[in-house]
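Visitor: Predicted model and sequence follow; I will ask about them next.
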Amino acid sequence: MNKQPAAAPFKAISPPLQEIFQEHGLTEREIEVAHLLVGEGLDNKEISERIFRTIITVKTHASQIYRKFAVRTRAELMALVVRKLCTLI
């Protein structure tokens with residue numbers, strides 16, 4: 001029997017980060033992916049393993065997140081989220 005290793009538990013999203021994601025109209029799955037991208041700094045492969053989806057699916061979610069935040073890259077997304085978090089403090 002070929003057992004897959006258990007995925008790492010999902011960390012709770014901080015309320016300010018959750019608020020930013022919701023303000024941009026992210027779906028629940030997009031919020032989960034955005035948190036793993038920004039909050040945990042995981043790459044697409046690591047995210048796909050964590051949420052049990054293909055890398056193609058993760059890339060699709062990431063593209064939708066970038067579109068909703070009007071950015072083109074992960075670095076731009078992270079910078080934008082950091083700026084928004086700084087305004088909440």
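Guide: Everything's here; your move.
Visitor: Might you report the residue contacts of the residue nearest in space to the middle of the chain?
Guide: The structure's the chain has its C-alpha centroid closest to Ala34; by C-alpha atoms, centre = their mean the separation is 1.5 Å. Applying C-beta atoms under 8 Å, 6 or more residues apart in numbering, one finds that Ala34 lies in contact with 21, 26, 65, 77. Any C-beta I mention is one placed from the backbone N, CA and C, and that applies to glycine too.
Visitor: so the last one touches Gly41, yeah?
Guide: No: in this structure, Leu77 sits apart from Gly41 without contact. The criterion is C-beta atoms under 8 Å, and the distance is 11.6 Å.
Visitor: quick one: which of those two has more around it?
Guide: The neighbour comparison of Leu77 against Gly41 (other C-beta atoms under 10 Å) goes to Leu77, with 20 against 10.
Visitor: what's near enough to touch Leu88?
Guide: Leu88 touches 16, 19, counting by C-beta under 8 Å, 6+ apart.
Visitor: how about 7 Å then?
Guide: Leu88 sits next to Pro16 when contact means C-beta atoms under 7 Å, 6 or more residues apart in numbering.
Visitor: quick one: the helices in this structure?
Guide: Along the chain, the segments classed as helices by DSSP state H run 15-23, 28-34, 44-51, 55-69, 74-88.
Visitor: okay if I get these as a markdown table plus mean pLDDT?
Guide: Supplementary listing: the helices of the chain in a markdown table, determined by pLDDT from 0 to 100:
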| stretch | mean pLDDT |
| --- | --- |
| helix 15-23 | 93 |
| helix 28-34 | 96 |
| helix 44-51 | 97 |
| helix 55-69 | 98 |
| helix 74-88 | 93 |
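Visitor: what's the most buried one of the ones you listed?
Guide: For the helices of the chain, the largest average neighbour count (mean count of other C-beta atoms under 10 Å) is found in helix 28-34, namely a mean of 19.
Visitor: got the contact list for stretch 39-55?
Guide: Outside stretch 39-55, the residues that reach it (C-beta under 7 Å, 6+ apart) are 7-8, 11, 13, 17, 32-33, 36, 58-59.
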